[in-house]
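Undergrad: A predicted structure for the sequence below; I have some questions about it.
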Amino acid sequence: MSTPTAHQPPKVNQRRVAMATLVGTTIEWYDFFIYATAAGLVFAHLFFEPAGASIGLLLAFASVGISFLFRPLGAFLAGHFGDKIGRRPMLVITLILMGASTTLIGVLPSFETAGLVAPILLLLLRILQGISAGGEWGGAVLMAVEHAPRERRGRAGAVPQLGVPLGMLLASGITALMTGVISPGEAFLAWGWRVPFLLSVVLVVVGYLVRRAVDESPIFLEIAARKQQTKVPVVELFRKHWLLVILAALVFAGNNAAGYMATGGFIPSYASGPAVGLERTDVLLAITFAAATWFIFTLLAGFLSDKIGRKRTYLIGFSCQALMVFPLFWMINTGSLPMLYLALGLFTIGLGLSYGPQASWYSEIFPASVRFSGVSISYALGAIVGGAFAPTIAQALVNATGSSTAVSAYLLGMTAISLVAVSLLRDRKGIDLSMDNQAEQEVGATILDARRAPAFVPAAEGRVASR
């Protein structure tokens, strides 16, 4: 009986990897979304109160966005070391950094107690969250995709993607429990908001134990065995593949802008504010529902991308998203709770379909030697362009115009940019990801690149690399 190879990973290991990436990304994004939720609900009062209600809310949303500016630093560091020392060590490091930062936010003093020291410490911890998030995603998706058989990469890559809606579901669910049951009203402002942050320490211990038990990516083991690690992966990435990085980042930008609008801080604040007037806990439960529908369509997208391709799935997803950007706020503005549920549920169809295939497509367009750097940096840059200041921009547009129409137009513009970027990339579903196929991986990822690898590229197990 032949031993499992990078092309035929053992099924037991695949399941272990799937569980580890899902648990880890869920914890990472729980931590990240807890901050976004708290920023929209309490941080303006606790940390930025002297600026006034409107400006304080803008500053709270800006503190959400500032972490995105540091995601590239996390992506550069994790990409550099992930391509040199392995995927698994970076997964453990980023998880611990995120958990420690989140837990410390839960014990911060407010502005009333510590003055300017309070918002400064808050921003520093948020920056550490950004560095962690920038390095987390690339390692998780590569562990999932590089362990998977080529015909199942879409569904395997969708598993770590599910950590985002699951993290949002967990974050909004726990926050709703605190605002509606355990610490309603003033108690939430006084101490209840801290509990979701402090719970992170328990989740991180669980995630650490799960991730430590996972085997290293077979593709990286192959690279390491041949001593073919690139000396400075980031330099090599931008020297050869700068256009690919830009296009991949723009593919993510439209999805990320929509994601942080719908499930980040803006809509919870907008729907529970004077413009709409719904109860805070009711809105959080609607966001929890939206996270569940986002989860379903993200998972569906992984399976769909294995059937019809990554590019077609993306085109369907962004088309659905574009159709919903105006109805989203029309329905929310009715002030009806059932309409809020319907609006968010329909909006997350496109959100999931344009997020599920991302891990597999990113992994298939970047060469093995710089893959960690490529997927991490593209993701981080796309997050800056798309989601970094989406809630801040939305709030500023509402303040300036008194209407949500400008917010819908902004989301439509971001979606259109991503649709153009998708159209410029080639679908490389099923391409051999191993170092044997580096020559084919180096060329032809965009429709602007007419180069082709040699007709026959040596591949493991004596197979010809798929074209």
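TA: Nice, I can see it.
Undergrad: Please count neighbours and contacts with C-alpha atoms only from this point.
TA: Will do.
Undergrad: helix/strand/coil for Arg371?
TA: helix (DSSP: H, G, I helix; E, B strand; the rest coil).
Undergrad: Contacts for the helix or strand hosting Gly413 next, please.
TA: Assigned by DSSP states H and E, Gly413 belongs to helix 405-423. Here helix 405-423 makes contact (C-alpha atoms under 8 Å, 6 or more residues apart in numbering) with 247-248, 250-255, 257-258, 311, 314-315, 318, 321-322, 325-326, 329, 386, 394, 397-398.
Undergrad: and if you look at stretch 130-137?
TA: So stretch 130-137 is contacted by 25, 28, 32, 67-79, 90-91, 94-95, 97-98, 376-377, 379-380 (C-alpha under 8 Å, 6+ apart).
Undergrad: tell me the mean pLDDT for stretch 136-148?
TA: The pLDDT scores in stretch 136-148 average 83.
Undergrad: whoops, stretch 427-441 was the one
TA: 88.
Undergrad: Ends of it, what's the gap?
TA: Taking C-alpha to C-alpha, to the nearest Å, stretch 427-441 runs 12 Å from one end to the other.
Undergrad: Same check on stretch 360-373?
TA: End-to-end distance for stretch 360-373: 15 Å, by C-alpha to C-alpha.
Undergrad: residues contacting Thr446?
TA: Thr446 neighbours (C-alpha under 8 Å, 6+ apart): 244, 424-426.
Undergrad: so where is this structure shaky, pLDDT-wise?
TA: 1-13, 213, 215-217, 223-224, 226-231, 262-265, 453-467 (pLDDT under 70).
Undergrad: could you pull out the strands for it?
TA: In the chain, no strands are found when defined by DSSP state E.
Undergrad: Count the residues that sit near Leu342.
TA: By the criterion of other C-alpha atoms under 10 Å, Leu342 has 17 neighbours.
Undergrad: what's the burial count for the nearest residue to it once chain neighbours are set aside?
TA: Closest residue to Leu342 apart from its sequence neighbours, by C-alpha to C-alpha, 6 or more residues apart in numbering: Met331 at 8.0 Å. A count of nearby residues for Met331, using other C-alpha under 10 Å, gives 18.
Undergrad: Do I have it right that Met331 meets Ala343?
TA: Yes. Met331 lies in contact with Ala343 (C-alpha atoms under 8 Å); the separation is 6.0 Å.
Undergrad: follow-up on the earlier one: enumerate every residue touching the residue nearest to Leu342.
TA: 339-340, 342-343.
Undergrad: Just give me the closest of the residues you listed to Ala140.
TA: Proximity of the contacts of Met331 to Ala140 (C-alpha to C-alpha) peaks at Ala343, which lies at 30.9 Å.
Undergrad: Contacts only, for the closest one.
TA: Ala343 neighbours (C-alpha under 8 Å, 6+ apart): 327-329, 331-332.
Undergrad: and the gap between the closest residue to Val159 other than its chain neighbours and Arg15?
TA: Nearest in space to Val159, with sequence neighbours left out and distances taken as C-alpha to C-alpha, 6+ apart, is Leu22 at 5.9 Å. Using C-alpha to C-alpha, Leu22 is found at 11 Å from Arg15.
Undergrad: next one: Met435
TA: 24 Å.
Undergrad: Looking at the two, which is more packed in?
TA: Legend: neighbour count by other C-alpha under 10 Å for Met435 and Arg15, higher for Met435 (20 against 16).
Undergrad: Quick check, the more buried one in contact with Phe220.
TA: No. With contact defined as C-alpha under 8 Å, Met435 does not reach Phe220; the gap is 9.0 Å.
Undergrad: Can I get the buried ones among the contacts of stretch 130-137 as something I can paste into ChimeraX?
TA: Selection of buried members from the contacts of stretch 130-137 for ChimeraX, criterion 16 or more other C-alpha atoms under 10 Å:
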select :25,28,32,67,68,69,70,71,72,73,74,75,76,77,78,79,90,91,94,95,97,98,376,377,379,380
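Undergrad: for the stretch 301-450 of the chain, what spans make up the helices?
TA: 310-332, 337-353, 358-365, 371-386, 390-401, 405-423, 438-441 (DSSP state H, counting those that start in this stretch).
Undergrad: Quick one: closest of those to Thr293.
TA: helix 337-353 (6.0 Å).
Undergrad: can you give me the angle the closest one makes with helix 310-332?
TA: Angle between the axes of helix 337-353 and helix 310-332 is 160 degrees (criterion: axes from the mean of the first three to the mean of the last three C-alpha atoms, to 10 degrees).
Undergrad: Buried residues in helix 337-353, which are they?
TA: 337, 339-353.
Undergrad: ditto for stretch 39-48
TA: Quick answer for stretch 39-48 (16+ other C-alpha under 10 Å): 39-48.
Undergrad: for Leu299, what are its contacts?
TA: 155, 158-159, 162, 352, 356 are the contacts of Leu299 under C-alpha under 8 Å, 6+ apart.
Undergrad: how close does it sit to Glu440?
TA: For Leu299, the distance to Glu440 - C-alpha to C-alpha - is 29 Å.
Undergrad: Just give the number of residues close to Ile365.
TA: 27.
Undergrad: Go ahead and confirm it touches Arg428.
TA: Yes. With contact defined as C-alpha under 8 Å, Ile365 counts as touching Arg428 (6.8 Å).
Undergrad: shared neighbours, those two?
TA: Joint contacts of Ile365 and Arg428 (C-alpha under 8 Å, 6+ apart) are Ala445.
Undergrad: Excluding chain neighbours, what is closest to the residue positioned nearest the centre of the chain?
TA: For the chain, the residue nearest the mean C-alpha position is Val164 (6.1 Å; C-alpha atoms, centre = their mean). Nearest residue to Val164, sequence neighbours excluded (C-alpha to C-alpha, 6+ apart): Trp29, at 5.5 Å.
Undergrad: Tell me how many other residues crowd that neighbour.
TA: Look at Trp29: counted by other C-alpha under 10 Å, it has 25 neighbours.
Undergrad: Please report how far it lies from Ala380.
TA: Taking C-alpha to C-alpha, one finds Trp29 at 14 Å from Ala380.
Undergrad: Neighbours of Gly402, how many?
TA: For Gly402, using other C-alpha under 10 Å, the count is 12.
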